[in-house]
Each structure stands twice: as structure tokens, then as C-alpha cells.
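A.B. asks: kindly return the folded structure for what I paste below:
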Amino acid sequence: MGLRLRLAVLLVVAVVPFAFALATLQGAFLRQSAARATGDAIAARLDGVAHERCEAAPEDWPMGDRFRRRRAPRRGPPRTPPLFAFDASLRAARPDAPPLPPSVRDALAAGEELAWSSVEHGPRPHLLVARRVADEGRCAVVVALVPNEERALWLTLLPALAVSLFAVLLVVFAAGPLVRRVRRLTAAVGRAREGEDVVIPIEGRDELTALARALAEDRAALAGKVAELKRRDEALTTFVANTTHDVMIPLTVLQNHLLSIRQRSPDGSTEEELASHALSEAHYLGSLLQNLSAAAKLDAAPGAEGMGIERIEFDLADLVGRVATRHRTLAKQKGIAIEHATPERLMIEADLTLVERALSNLVHNAIRYGEAGGHVAVVLEPRDDGGFTLEVLDDGPGVSAEDLPRLGERRFRSADARTRQPSGTGLGLAIAREVAERHGWTLRFEAGEPRGLRAILESTAPLGG
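C.D. replies: Below is the predicted model of the structure:
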């Protein structure tokens, strides 16, 4: 509900009942004034001779000559309302006298000189006024019937309703500029939230102006903080990417030295075993550094120098072969056989570095959590709709059914993975999933048969090249 409509409804709800109450009170006041005036007229009329005549013949009073002489001309209503005599016990002298309401009887019995009540008499409502003119006798109480014009209430109410309606229209009209200012302020804040460079409108010299000024100041302060955080984030992302690149060079040299030491050591010797463990940890450290570099690239702000998705055309089948070959040494150390099957050629347009990192993470994950004597297979197949399906399968211990949907969440590792490899971070599969999403692909995980894990990377979009 808009502000103007809310104000209008509020005024109607508040003013209309007040107008009805005011008109009702005014009507009651007018009836009371009419009753008192009628009572005074009855007392003045029954002073002296008129009261003696009423006492002498109450059943005929006031139909005597004197009353007839006081009637108004026939073309107009009578000037004097109908009068009826009652004795001290409140018994009517004439059979056509109106019955006294209980409230009037109680008031007169309690000693009141004047009592009145609204009654239905004939086709129109009347005001019955009873005035005690004597303490005893057959004409102790005189009752007059005064027409009670109900239209007076509406005549009283109509001006109040007219004023109320005018006040409602005036408030709605006066609230127009205020509502327009609120809408402009809301629109400006909304555009600013969407990232547009807008100026919060500051108009007038009222409370709304103070609110607009406070919003403008807060937006300026937040914009400064956001710019500073963005600058720091870009600097940190660039630092991580550069540091990762610098560390990978000596790490690769270290891996080659460890491989040479392991190859020169006698099989089964302590040196060969230590070199194998060291080489495995070096591979893990290298994978972790490359994942940090990929994460920095994925998290970089759009337009950051040297960051972001860079699509080029390359052969995905050739990339699968390179990744499988690169992991043969690690697989051999763990006693795991790794194989791959690809078509002769499958060209796509994507970010080569990120796709290679995602596939390496899937293969490395399958080898790392596999068992001696196990197998890892990487299978690439083109789809009829122009996409591809890339599967990484292993026959390791697999993942529980409740953990399968959460694979690929950052910093999530299944309970079995934490038990077998406490040093993991859960970053590899998260990067693989995010790389897939950035390229419009899907990555899902299924339980292998009869055991193991299937990582399925699919693209349904037409391939480039």
C-alpha cells in the first residue's frame, strides 16, 4: 500500500467515526434542548386557569375553545404539540395518550420534574416530553409529543463528512511531492546498489532531506571502503599468482632430484622408500600450489590484469593424454595403473590452464585416494549434440551416499577422505566444479560399480573449432 493511500485510509478510519460521534452528540444535545424548551412551554401554558381546566376535565383537555383559538391556520401545522394529561400515578386521562417509556416513568417516580425519550408515534418518530406540573391530582403530569426530525442527524453529519473528505483530499494532494521525493530517493539507492555511479538527490530542508544526506554520506563511505577492499583483493590475488609461479620452478627441480634419487636407490631400500614418500609429498605440494593459482584466477575481479577466463582453441584429447602421462609417475608409486581413451581429435574453446587444472585435480584425487593394485581410467567421448563427456573412474573405496552431493564444495571433505588423508584441503574438487560452471559445463559425482567413484564432466554446448 502506497504512502498516500495509507494516509487516506488512516484519515478515513480516524475522521469518519469522529464525525459520526460528533453528530450523534450534537443530535443528543439538540434533543435535550428541545425537551427542556418544551417542558418550559408546558409549565408556562398550565399556569393558573389552564391547570384548573385540566383538573376539571382532563379527558377533554386541551380540546376546549381556548385551545382551538390558539391553533394555527389550517394550511400550516399546529403551533402547539399534542398535550396529554396524566395523574400522579401516571395514568392517562385519555385512551389515545401515548404510553410512557420505562425510562420516563422511572425518572418521574424518582422525583424528576422533566423527563423525555424518543418514541414511535404514528408514521414519524417523536420526542416524548413529560413535565410534572403538580404533586397530586388528575393533571399532575402533562406529556407533549414533539416531532423528532431524524434528518437533523444527517444534516449535522453531512458538513462534518464534507470537511473530513476535503481534509483527506488535501492530505493526499499535499503528500504528492513527498511521495515523489521518496520514490526518486528509492530509485537512486536501487541504482547505486546495482553498481551505477549515481548521486543521491538531496532536496528541501526537512527530515527526508536529512535522511537523503545520511544515505549519500553512507554510500560515499561504503564506496571508499569497497574500493580499498577491491584494491587489496587484487593485490593479494596477484601476489598469490606470482608467488605460486615462482615457487613452482624450484619445486619442479626438487621433484626431478627426488625422482633421480629414488631411481638410483636399490628397490626396497630405506633410501628408495624415503625418496618415494618425499616425491609423493612434493607432487601434493605442487598440486596445492597450482590449485592456489587457479583459485586466484577464478576469484580475480573482472578486468584484473593477467586474470580472468581466457578462451582459446585447443585439442581436448591431447590435453587428456598429457594429464594422464604426467600422473603416471605418481600412480606407479602407489601401485595404481592409469589408462586413458580419447578420440583422435576433439577441439574446444576454453581456458586451457583452468581446464588442465580441473582435469589434473580429478585424476590426482582418484590416484591419491586409490589403493595399491587399483586402476584409474580417463575416458573422453564426443556427444551427438556437439558437446563431450569426460569421465574419470577409479576402483578405490569411494564416497558415502550422503557425501556425494557435497563433493565440489569449497573446504568440504568427506569423513572417509579426512581419515585416509588428514592433510587434504578439499580445494581440488571445488576448483574443478567452478571451472566447469565458468565454462557452462556440468560436473557430477556418482558411485562406481561395484565400488569406487565416477567424476563426470559434460558439455552440451557446441564445441568451437
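A.B. asks: can I get stretch 101-113 as CSV, trimmed to CA atoms?
C.D. replies: Provided in CSV are the C-alpha atoms of stretch 101-113 (Å, rounded to 0.1, in the frame of the first residue of the first chain):
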residue,chain,number,x,y,z
PRO,A,101,-41.5,4.6,28.3
PRO,A,102,-40.0,2.9,31.3
SER,A,103,-37.1,5.4,31.4
VAL,A,104,-39.6,8.3,31.7
ARG,A,105,-41.7,6.5,34.3
ASP,A,106,-38.6,5.8,36.4
ALA,A,107,-37.4,9.4,36.2
LEU,A,108,-40.8,10.9,37.2
ALA,A,109,-41.1,8.3,40.0
ALA,A,110,-37.7,9.4,41.3
GLY,A,111,-38.9,12.9,41.6
GLU,A,112,-37.6,14.5,38.4
GLU,A,113,-39.7,17.4,37.1
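A.B. asks: now that stretch: buried residues?
C.D. replies: Of the residues in stretch 101-113, 101, 104, 107-108 count as buried by neighbour count, 16 or more other C-beta atoms under 10 Å. Quick note: C-beta positions are derived from backbone N, CA and C, even for glycine.
A.B. asks: which one among these gets closest to residue 90?
C.D. replies: Ranked by distance to residue 90 (C-beta to C-beta), the buried residues of stretch 101-113 are led by residue 108 at 6.5 Å.
A.B. asks: check contacts around that closest one.
C.D. replies: Contact partners of residue 108, counting by C-beta atoms under 8 Å, 6 or more residues apart in numbering, are 90, 100, 115, 130, 132, 141.
A.B. asks: if we use 6 Å, what do you get?
C.D. replies: residue 115 (C-beta atoms under 6 Å, 6 or more residues apart in numbering).
A.B. asks: just to revisit the earlier point, got the buried residues of stretch 101-113 as a markdown table, with distance to residue 348, secondary structure and pLDDT columns?
C.D. replies: Below are those laid out as a markdown table (distance: C-beta to C-beta, whole Å; DSSP: H, G, I helix; E, B strand; the rest coil; pLDDT from 0 to 100):
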| residue | distance to residue 348 | secondary structure | pLDDT |
| --- | --- | --- | --- |
| 101 | 100 | coil | 92 |
| 104 | 103 | helix | 92 |
| 107 | 103 | helix | 92 |
| 108 | 108 | helix | 91 |
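A.B. asks: and the furthest pair within those residues?
C.D. replies: Farthest pair in those, by C-beta to C-beta: 101 and 108, 10.8 Å.
A.B. asks: from the contact counts, what lies against whatever helix or strand residue 325 lives in?
C.D. replies: Residue 325 belongs to helix 316-326 when elements are defined using DSSP states H and E. Judged by 3 or more C-beta pairs under 6 Å, 6 or more residues apart in numbering; DSSP states H and E, helix 316-326 is in contact with strand 337-341, helix 352-368, strand 375-382.
A.B. asks: pLDDT on that helix, on average?
C.D. replies: Regarding helix 316-326, the rounded mean pLDDT is 92.
A.B. asks: buried residues, that helix. List them.
C.D. replies: Neighbour-count burial for helix 316-326 [16+ other C-beta under 10 Å]: 316-317, 319-320, 323-324.
A.B. asks: returning to that earlier point: relative to residue 232, which of the helices and strands packed on helix 316-326 is closest?
C.D. replies: Of all these, it is helix 352-368 that lies closest to residue 232, at 23.9 Å by C-beta to C-beta.
A.B. asks: and the contacts of the closest one?
C.D. replies: 287, 290, 294, 312, 314, 319, 323, 327, 330-331, 336, 376, 392, 394, 428, 431-432, 435, 455.
A.B. asks: cool, thanks, talk later.
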